[in-house]
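Student: Below: sequence and its predicted model.
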Amino acid sequence: MALAAGFSEPIIRLVDKLVGATNAMRVDLRAGKRSVTAELVHPDLEDCVGLATSAFAWELLRGTVPTGVRYACELAGTEAGEQILENAKRGGEWRFKITDS
């Protein structure tokens, strides 16, 4: 697998430079007749992952994340969760779409 990745990476980087690249994480939620789509769109995947990791680490150091293993959804609506989302979007943007069917 590492050999295939090493072979294809220069090709992928060349294509990205020629046509551009955008990376996004998308979450779709549905409850009854309402659906919400949230996307964090960022031009550079490495930056996006680095920012998200460092934002989480920063909140750990500040002591706003409770000790133990955490799922991301457990931090929703908390000070730590809001700060992580705010810091992770630097250089990117959040896009929301709410639909009532």
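Tutor: That came through, no problem. Numbering: from 1, shown residues only.

Student: How many residues are close by A52?
Tutor: When neighbours are defined as other CB atoms under 10 Å, A52 has 20 of them. C-betas here are computed from N, CA, C, even on glycine.

Student: Would you map the strands across the chain?
Tutor: 23-31, 34-42, 93-100 (DSSP state E).

Student: Per-residue confidence at Y71, what does it come out as?
Tutor: pLDDT, Y71: 77.

Student: bridging residues for the closest residue to L45 other than its chain neighbours?
Tutor: If you skip the residues right next to it in sequence, L45 has N23 as its closest partner in space, 4.1 Å away by CB to CB, 6 or more residues apart in numbering. With DSSP bridges applied, N23 shows beta-bridge pairing to H42.

Student: contacting residues around N23?
Tutor: The neighbours of N23, taking CB atoms under 8 Å, 6 or more residues apart in numbering as the test, are 41-45, 48.

Student: Selection in ChimeraX covering whichever of the residues you listed are buried, please.
Tutor: Selection of the buried residues among the contacts of N23 in ChimeraX, burial being defined by 16 or more other CB atoms under 10 Å:
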select :42,48
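
Student: follow-up on the earlier one: please identify the most buried of the strands of the chain.
Tutor: Neighbour counts (mean count of other CB atoms under 10 Å) averaged over each of the strands of the chain peak at strand 34-42, with a mean of 16.
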